[in-house]
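Engineer: just to be clear, the model below is a prediction. Sequence and coordinates:
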Amino acid sequence: MIEVTDVTRIYQMGLVEVRALQGVNCRIESGEFVGIMGPSGSGKSTLLHILGLLDEPTTGTVTIDGIPVGTLNEEEKSDFRLNRLGYVFQDYALVPELSVQENVVLPAMARGISPDKYLKDSEQILHEVGLGHRIHHRQYELSGGEQQRVAIARALINRPRILFADEPCANLDSNTSRTILNLFRDLNEKFGQTIIMVTHEDWHEEYMCRVLYMKDGRIEDEKACKMRRRDGESDR
Amino acid sequence: MTGHTLSVAFFLAIRSIQRGNRFTFLLTVAIMGLVFVNLVFLPSIISGVVVNFNSQSINYNYGNLVIEPRENTLYITGVAEVKQKISQISDVTGTSPRFSAGATYNYHGTQISGQIVGFNPRYEQEVTLLHTRLKEGEFLAEGDGDSILLGAQLAGNIDERKDKTDSLGGVTAGDSVLVTFNNGVKKTLKVKGILDTGSFGVDRNGFVTLKEINQVYGISDTATSILVKLSQNGEEERCKKVLMEYGIAEKIRTFQEKGQGFVNDAIRSFEIINAISTMVSLVIAIVVIFIVIFINTINKRRQIGILKAIGINKKIIIYSYIIQVLIIATCGILLGLALSSGLVAYLTINPLVFPGGAVYPVVEAGPVIRSVISLALVSLISGFIPSWKTANEPILDAIRGQ
């Protein structure tokens, strides 16, 4: 569970002070698929970065699974991200020198998991995301949708508590976007994977449990969607 | 540092080299290899000069030790007694009394001034290797009179363009030269052989028997120096003390002391050049590695940010660059060793010719180890700084490329 209390984020851009977040409060339960939407500059990516420990709030607190993450030092945050969080970025962010499987296993290697286990896990996850036949391919041999699925597999290899996705469909056509969103929905439904996703597209709402609408650095509204977490679903 | 941190860093480094830009990798390795050659080559030539100087000095000029007249005297008298004293020392394998004087050589109207050296040919062969360096003719025999050996530089060539200095214009064995000794005595001596040692100081001299000298100067049992040959090189200082303990009152000097001056100055100058060259080479290595890693990290700034974002510890990222740099340095050093070996092999077949004779490069362990360590060290530093700087950037700045 994530709890956000009075979070503000102020950037200094030259002499100008930019108030990206102005007192955000929210709560995200385990197993939810939550969307963050809003116009450009509304603070949705900033909020996602703060929730994902990629940035720090100027004031306020973020608690994840009871841990006030603001108190963690850099090393602890790095471990926290590695062990508990997964990330999917807009432009896939794969390591071009690595094969599909090598990209996926990298976070598991960094955790010190045994090669037998991470190779087996990676094969399983790549099958789950529909890339079982592309294991030894390189990034340049894959389409955009396939690259994004590799990024999702990489995010899942350490079985994270929360998966963050920052506009994962922004560079994809609508068909490929549906493939990715279906994958997220399956992960959420089958495994109770908590997913927090920033998006611009209204039609993405149909895949989510809940949407937080942001404007001018505040959560202006929130809406429960068709896709609801089924009661009694166990967390991963 | 945990084992898996290092193994992940190693994995990333290997993949980056295997699948990264091969041209950049090969170019960097080539530059490192050439820097290594530069670090090793000049010291090998300096060592070659020193070895050449030492062997020339021992084999043709001085033996290991030189006994010289006492203070304020011109000659060593009672040579037989001194020689006998010296010969008692177990490390001494030979002694050769010599008498050197000024002389003027005249051949077909060409006149050259120089030194004439008298020795006992039998004793001389126990100390020096002059008898092995005959270009033509024969070495002197103990009873020879009216005979002379001429150094190749002094004898010269008929075609004077081949001469390095003024010469007698092409004296050959069997010719006669008129020698005017510094006491005014003139003698026509038959040239028995021409010596070519490659040592300028030797090849400018004429050599006669001590019997000849004794006749010319009307002396006996007198020398201007006694050359001493030891069973082992490198024992000069110790044996010098032993000789003094045996009651040798004459001046005793090692071949190094005799050779001080020109060669030492040359070596000192070489070492200054070498120090400058080493500094420049290392700066080139630092700059090249720094630029390569800096550009690499700048190009991969976003990727580094992403890796940090997904929880890859920054130590893994820094180590991966350091390992890459060490692999580049290792390949560069191996290439440098191969190139140096080729260069040394070539110069062994085609040696450099210095005034002291042919100089063969001598590669010693010291400079090679120093070069390996210094290259590895500068690579480490110049690889660490840019990777550390980029890996320490805030994640979002790196991801956004700000």
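Structural biologist: Yep, that arrived.

Engineer: alpha carbons only for contacts and neighbour counts from here, please
Structural biologist: Noted.

Engineer: and A:Glu123, which helix or strand is it part of?
Structural biologist: Secondary structure here is read from DSSP states H and E; on that basis A:Glu123 sits in helix A:115-128.

Engineer: what comes up buried for whichever helix or strand comes after that helix?
Structural biologist: As assigned by DSSP H and E, the chain's next helix or strand after helix A:115-128 is helix A:144-156. Judged by neighbour count using 16 or more other C-alpha atoms under 10 Å in any protein chain shown, the buried positions of helix A:144-156 are A:144-156.

Engineer: any chance of those in CSV, plus distance to A:Met13 and pLDDT?
Structural biologist: Formatted as CSV, the buried residues of helix A:144-156 follow (distance: C-alpha to C-alpha, whole Å; pLDDT from 0 to 100):
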residue, distance to A:Met13, pLDDT
A:Gly144, 33, 87
A:Gly145, 35, 86
A:Glu146, 37, 91
A:Gln147, 34, 92
A:Gln148, 32, 87
A:Arg149, 35, 88
A:Val150, 35, 93
A:Ala151, 32, 91
A:Ile152, 33, 88
A:Ala153, 36, 90
A:Arg154, 34, 92
A:Ala155, 32, 89
A:Leu156, 35, 86
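
Engineer: widest-spaced pair of these?
Structural biologist: Of all pairs drawn from the buried residues of helix A:144-156, the one with the largest separation by C-alpha to C-alpha is A:Gly144 and A:Leu156; the distance is 18.5 Å.

Engineer: contact partners for the spatially most central residue of chain A?
Structural biologist: By C-alpha atoms, centre = their mean, chain A has its centre lying nearest to A:Phe164, at 1.0 Å. With contacts defined as C-alpha atoms under 8 Å, 6 or more residues apart in numbering or on different chains, A:Phe164 is in contact with A:48, A:52, A:85-88, A:195-197.

Engineer: count of neighbours near the residue in chain B that chain A sits nearest to?
Structural biologist: Distances from chain B to chain A, computed as C-alpha to the nearest C-alpha, single out B:Gly311 as the nearest residue at 4.0 Å. As a burial measure, B:Gly311 scores 26 neighbours (other C-alpha atoms under 10 Å in any protein chain shown).

Engineer: try B:Lys314
Structural biologist: Neighbours of B:Lys314 using other C-alpha under 10 Å come to 23.

Engineer: kindly report the same for the one 4 residues further on.
Structural biologist: A count of nearby residues for B:Ile318, using other C-alpha under 10 Å, gives 23.

Engineer: show me where the chain has helices.
Structural biologist: Defaulting to chain A. For chain A, helices defined by DSSP state H occupy the ranges A:44-51, A:74-84, A:100-111, A:115-128, A:144-156, A:174-191.

Engineer: that's the other chain; I wanted chain B
Structural biologist: Applying DSSP H to chain B gives helices spanning B:3-19, B:22-56, B:79-87, B:121-127, B:152-155, B:200-203, B:210-217, B:236-245, B:255-259, B:262-299, B:301-309, B:314-349, B:365-391, B:395-400.

Engineer: nearest to A:Glu220, out of these?
Structural biologist: A:Glu220 sits nearest to helix B:395-400 of all the helices of chain B, at 25.5 Å, using C-alpha to C-alpha.

Engineer: by contact count, what packs against that closest one?
Structural biologist: Packed against helix B:395-400, as judged by 3 or more C-alpha pairs under 8 Å, 6 or more residues apart in numbering or on different chains; DSSP states H and E, are the following elements: helix B:301-309.

Engineer: is chain A within reach of the helix it packs on?
Structural biologist: Yes: contact between helix B:301-309 and chain A is present through B:303, B:306, B:308-309 (criterion: C-alpha under 8 Å from any C-alpha of the partner chain).

Engineer: and these, which two are the farthest apart?
Structural biologist: Across the residues of helix B:301-309 next to chain A, the two members that end up farthest from each other (C-alpha to C-alpha) are B:Gln303 and B:Ala309, 9.6 Å apart.

Engineer: what about the two, which has more around it?
Structural biologist: The residue with the greater number of neighbours, taking B:Gln303 and B:Ala309 and applying other C-alpha under 10 Å, is B:Ala309; the counts read 25 against 19.

Engineer: dump the residue contacts of A:Gln22.
Structural biologist: Counted by C-alpha under 8 Å, 6+ apart, A:Gln22 has contacts A:6-9, A:216-218.

Engineer: look up how far A:Leu47 lies from it.
Structural biologist: Relative to A:Leu47, A:Gln22 is positioned 11 Å away (criterion: C-alpha to C-alpha, to the nearest Å).

Engineer: circling back: determine which two of the contacts of A:Phe164 are furthest apart.
Structural biologist: Taking C-alpha to C-alpha, the two most distant members of the contacts of A:Phe164 are A:Leu85 and A:Met197; they sit 13.1 Å apart.

Engineer: run through the contacts of A:Phe164 and flag the ones next to chain B.
Structural biologist: Residues shared between those and the neighbourhood of chain B are A:85-87 [C-alpha under 8 Å from any C-alpha].

Engineer: got a pLDDT number for B:His131?
Structural biologist: With respect to pLDDT, B:His131 scores 93.

Engineer: who touches it in this structure?
Structural biologist: B:His131 touches B:125, B:139, counting by C-alpha under 8 Å, 6+ apart.

Engineer: do the one 4 residues further on as well
Structural biologist: When contacts are counted by C-alpha under 8 Å, 6+ apart, B:Lys135 touches B:152, B:193-196.
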